[in-house]
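A.B. asks: Got a predicted structure here, sequence first:
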Amino acid sequence: MSKLWNNYRYLILRRFTQIGLLVLFFGANAWGWKILTGNLSSSEILGVIPMSDPYAVLQMVAAGAVVATDLLIGVAVVTLFYFIVGGRAFCSWVCPINLVTDSANYLRRVFDIDRAQKTKQPITRNMRYWILGLSLLVSAFMGIAAFEFVSPISMMHRGIVFGMGFGWAAIALIFLFDLFVLKNGWCGHVCPLGGFYSLLGKFSFIRVHHLEENCTLCMKCKVVCPEKQVLHMIGKESLPVLSGECTNCARCIEVCDDDALRFSIRDFIQNKKMGE
């Protein structure tokens, strides 16, 4: 039991958080709970603390909407939270689509699909930043929050909380896309919300830290990492992962038998001396 916990402790905690939040949202809709009301774009804790998705509000601003004060306070709360814990912690600890893409990634490893697809990835990971910029331009041109209108994240969340409609089709497409077409395709290449939180996460405090002296170059961390480009220092030097694209999912920490990876608090002064 202890080995199981050590190997999957963060995965268990992530699933508990993701499913727990969905249960709280569902309870608010079905039974009138007041613990967490609203949706992933705009919600309230205990009817007091507002939380707003800063990317959704940015689209609203681009679309020309007048943003209410409580939304701006909610943006400040969420931005401060992810500034501390890491922007893309949303992707691995909160977003329900992560359940889908992690499942596809697991099956890719089970059936060794990565080995069968030896060709170069057809699109760059920078695609998400282009889609992020395009979504803001479309929002400004069309006068609507463009990505929120088609977001599979919102579709899945609304589907679970309020009842699933055609949202299953979007979820199935993402699963099949990640399984057969592109490894970590949606979260690692396409999703503009992930791109937005990557930019926010460049300045966050909590980081995965690599200890080169403990590393035996087994590379298990790179096999499970959904953003393996952020682990460029493995086996080379002791450094924190400073890329905002790290999701802080901690799978690299769990699979490391050498205790060469762990969470740490970012040291801005030392990182500056190292030129990071």
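C.D. replies: The structure has been received and is ready for your questions. Numbers count the residues shown, from 1 in each chain.
A.B. asks: so how far is the first residue of stretch 116-127 from its last?
C.D. replies: Counting by Cα to Cα, to the nearest Å, you get 24 Å between the two ends of stretch 116-127.
A.B. asks: What's the mean pLDDT across that stretch?
C.D. replies: Mean per-residue pLDDT for stretch 116-127: 78.
A.B. asks: With stretch 256-269 instead?
C.D. replies: For stretch 256-269, the mean per-residue pLDDT is 85.
A.B. asks: So which elements touch the host helix or strand of residue 263?
C.D. replies: Counting by DSSP states H and E, the element that carries residue 263 is strand 261-265. Helices and strands touching strand 261-265, by 3 or more Cβ pairs under 8 Å, 6 or more residues apart in numbering; DSSP states H and E, are strand 206-210, helix 251-255. C-beta here means a position set from N, CA and C on the backbone, and glycine is covered the same way.
A.B. asks: among the ones you listed, which is nearest residue 116?
C.D. replies: helix 251-255 (22.5 Å; Cβ to Cβ).
A.B. asks: by contact count, what packs against the closest one?
C.D. replies: helix 2-31, helix 220-224, strand 261-265.
A.B. asks: quick one, what contacts residue 263?
C.D. replies: Residue 263 is in contact with 206-209, 248, 250, 253, counting by Cβ atoms under 8 Å, 6 or more residues apart in numbering.
A.B. asks: Could you pull up the contacting residues of residue 88?
C.D. replies: Listed by Cβ under 8 Å, 6+ apart, the contact partners of residue 88 are 194, 197-198, 201, 244-248.
A.B. asks: now that we have these, which one has the most neighbours?
C.D. replies: residue 194 (32 neighbours; other Cβ atoms under 10 Å).
A.B. asks: How about residues contacting the host helix or strand of that residue?
C.D. replies: Using DSSP H and E, the element containing residue 194 is helix 192-201. Residues outside helix 192-201 that contact it (Cβ under 8 Å, 6+ apart) are 53-55, 58, 79, 82-83, 86-91, 95, 128-129, 131-132, 135, 147, 151, 153, 187-188, 243-246.
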